[in-house]
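Enquirer: only geometry, no sequence info:
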């Protein structure tokens with residue numbers, strides 16, 4: 001069960017409500033479990049969710065692999081997450097990936113999946 005995070009102090013009610021709606025947008029996309037993520041771990045991956053820039057990623061190139069994950073976490077819909085993300089690769093990439101995604105995306109994923117946050121602490 002997902003519990004909404006409290007709004008940061010100092011925000012107006014309208015800003016806090018906007019932030020809560022923004023968080024909920026990402027929360028609704030989450031899989032029930034990381035075990036649902038069975039995306040590719042190698043080869044060339046075409047991506048339809050990229051609004052600009054690259055439309056395919058070479059999973060054998062670390063920067064492109066990280067770019068694919070960052071894009072899917074931000075722009076992917078619920079069905080895109082299991083299609084493009086792989087559980088083990090996400091766990092492996094998370095300590096760096098979490099620094100490349102926005103605070104809201106990072107918070108939503110770490111709140112829903114404590115094993116991501118624990119990977120970060122273990123890597124520190």
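Expert: Okay, I see it. Everything numeric here is computed off the predicted structure, so don't read it as measured data.
Enquirer: Helices of the protein, residue ranges please.
Expert: Assigned by DSSP state H, the helices in the chain fall at 13-27, 62-75, 80-84, 87-97, 103-112, 114-123.
Enquirer: out of these, which comes closest to residue 35?
Expert: helix 87-97 (6.0 Å; Cβ to Cβ). Using the backbone N, CA and C atoms, a C-beta is placed for each residue, glycine as well.
Enquirer: residues of that closest one that come out buried?
Expert: Residues of helix 87-97 classed as buried: 87, 89, 90, 91, 93, 94, 97 (neighbour count, 16 or more other Cβ atoms under 10 Å).
Enquirer: picking that back up, which among the helices of the chain is found nearest to residue 41?
Expert: So among these, helix 87-97 is nearest, using Cβ to Cβ, at 5.4 Å.
Enquirer: could you say what helices and strands the closest one packs with?
Expert: Applying 3 or more Cβ pairs under 8 Å, 6 or more residues apart in numbering; DSSP states H and E, we find helix 87-97 packed against helix 62-75, helix 114-123.
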